[in-house]
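give me the fold of what follows.
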Amino acid sequence: MRGSGRTARRAPRAAARTTALVAVLSASGLAAGAASASGAQDTAAPGASLIYRCGFPSETRQVQITVSAVLPAGAKTGKPIEPAGVSLTMALPPAAASGLASLHSPTVSAATRLTISTSEGPSGTSVVWPGTTRCSVRRPASGGLTLTTAGTVPSVTASAAGEVILTAAGLSMTFTAGQAAVPAPGPARSTAPAVSGAATAPAPGSTATAPAPGSTATAPLLVNCTLAPGQHAALGALVVTGKARRDVHRNAAVTAGKCPKLPKGGLKLNPRFPPPPHPPLTLEAHSPSQGCAYTTGYADVSKLKGAALIAPALTNVDQALTTLANTTNKINYLQLDNAAQLDFHGLHQFPPSTATFLTFGFVPTTATIELIEHGTINIFVVGPANPFIHCQPNKFRTCDNVAKVYSRLSARIAPGSVRVNGVPLNVGSHCETPPFDAVVTGTSASKPPYSIQFGGPLTGMVTIPPFKNCGVGENLDPIFNAAISGPQNFTLLTQGELCSVIGAVGCDKKGLPVPPQPLHKVTG
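Numbers count the residues shown, from 1 in each chain. Below is the predicted model of the structure:
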């Protein structure tokens, strides 16, 4: 059986990311019935009432959830199995419903992502069933709260005859003030029909959406779900007939983000940039999950009193290589270590960007600049583990979610691209700087805010080192160094929403990341 994305061949992982370390855990059951596309009568899948352990800020509780769907009575090898009419009803107990008061809204909406393990004999994969509420629901002053989400779910394709079993696994829920919620990255795919998976600590900053400049927003609350052990979690089964297929294609429906392929074993952190110091830990987890995003923006050249537009660069991101946390109220710390890599047609660099400046204040000069990456990019996100308790800044973190992005770059002037007052200037093929460090920062406190999941502004000051090897037959290094090299070159980058490989969250209809519009201004 085939799903999509590299994680279909890797160990079970949790891919949900959020600013909070708290988790509301839930349960699932499945019932089905209708007619299949082939005309065979569908049968009702056996229902299941499952209990998930719920880790609230105060203590562990339990929540029950009902899932319904229509499954075909049977399927054929090489043909997609397409569940229909999928909905999920959450019956939050009073203790869970009262926790939604942190959204500071009389009404709430929800998005859910339920992982379904689909086993085919000894093999299998996992898919994510997303859903959102059709409209917001009033939050009660006391008592429980019921919310129902629905959505179109991905198909799976069996490659051999036999029985396909659907099993409930992880669940994540995102609660939003008022308007419809944005589904959060969900639990990862698995190569085995796992019944349960461990919840991982989510990433700070991942739940903040970017409101319009000048507006205010309450960060959505994402909660992760872990199935309690000792339960029969199979939701249903159907019989697949036909000959074994070795040429089964990927699902036609978009179920995975189309990001560049990662190297074997995923990305590694750049050892040049060590992670920040952290307090004593109560949790350490490793649950990498791939996504990709476009980044664009402006790079100032302070000496030329101008800025160059950086063309949108596709960046691969291996999220949550390491998650570190201290969940005690006194420390309240969460750190997420991520690795990233630029990908421009297989090259680890930004796309070439052409800009025109007035050199020395009066000579129009046009050149194409290439920013080349050396090693991977480190993204360290730090913030409070639980934003719903009183937060006091300490030496390890602020009360905001802060992401620091560390990269090692060099600048190269493309051969044949330089025009001075319209006249070509031959700078040779190796007019470039040595590698230099570039550090930019994003925070949930800025306007608009930044989060690694939803993107936003990243700012910093960069020192451009001297150019070398410029000119053919003459040394042009002093000209470029006098005009460009030096400190205090302000950079304002804009990251787009992360397109997750698992479930294609944040992607367009083709499963691709969306280039953002570069911001001209950021405050905070």
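
use CA for all of it now, contacts and neighbours both
Fine.

quick one: mean pLDDT for stretch 268-279?
What stretch 268-279 shows for mean pLDDT is 96.

which residue sits farthest out from the middle of this structure?
Going by Cα atoms, centre = their mean, the residue of the chain most distant from its centre is Gly473, 49.5 Å out.

so it: helix, strand or coil?
coil (DSSP: H, G, I helix; E, B strand; the rest coil).

dihedrals phi and psi, it?
Per-residue torsions, Gly473: phi 80, psi -10 (degrees, to the nearest 10).

surely Thr323 meets Asp337?
Yes. Under the criterion of Cα atoms under 8 Å, Thr323 makes contact with Asp337 at 6.4 Å.

returning to that earlier point: for Asn426, see how far away the residue farthest from the centre of the chain is.
Using Cα to Cα, to the nearest Å, we find Gly473 at a distance of 9 Å from Asn426.

next: Lys395.
Applying Cα to Cα to Lys395 and Asn426 gives a distance of 52 Å.

what do you get for Pro516?
Pro516 is 35 Å from Asn426, by Cα to Cα.

again with Val363
Following Cα to Cα, the distance that separates Val363 from Asn426 is 17 Å.

and the two? Which one has more around it.
Using other Cα atoms under 10 Å as the criterion, Val363 and Asn426 rank with Asn426 on top: 18 against 13.

so what's that one up against?
Pro415, Gly416, Val418, Gly471, Val472 (Cα atoms under 8 Å, 6 or more residues apart in numbering).

ok, the nearest residue to the fourth one once chain neighbours are set aside - contacts?
Of all residues not flanking Gly471 in the chain, Val427 sits nearest, at 4.0 Å (Cα to Cα, 6 or more residues apart in numbering). Contacts of Val427 were listed using Cα under 8 Å, 6+ apart, and they are Ile413, Pro415, Gly416, Val418, Cys470, Gly471, Val472, Leu476.

next up, identify which helix or strand the residue nearest to the first one when sequence neighbours are not counted is on.
Leaving aside its sequence neighbours, Ile413 sits nearest to Ile369 (Cα to Cα, 6+ apart; 4.8 Å). Ile369 is part of strand 363-373 when elements are defined by DSSP states H and E.

same question for Gly78.
Using DSSP H and E, no helix or strand contains Gly78.

where does the stretch 151-300 of the chain have low pLDDT?
The stretch 151-300 of the chain contains residues with pLDDT under 70 at 168-169, 179-219, 222, 225, 227-236, 243-255.

once you drop chain neighbours, what's closest to Leu71?
Pro83 is the one closest to Leu71 (Cα to Cα, 6+ apart), at 5.1 Å.

what number of residues lie near that neighbour?
19.

repeat for the one 4 residues further on
By the other Cα under 10 Å criterion, the neighbourhood of Ser87 contains 23 residues.

what's the first helix or strand after the helix or strand hosting it?
Secondary structure assigned from DSSP H and E places Ser87 in strand 84-92. Where DSSP H and E defines the elements, the next helix or strand beyond strand 84-92 is helix 94-98.

how about that following helix: buried residues?
The neighbour-count check on helix 94-98 (16 or more other Cα atoms under 10 Å) flags Ala95, Ala96, Ala97, Ser98 as buried.
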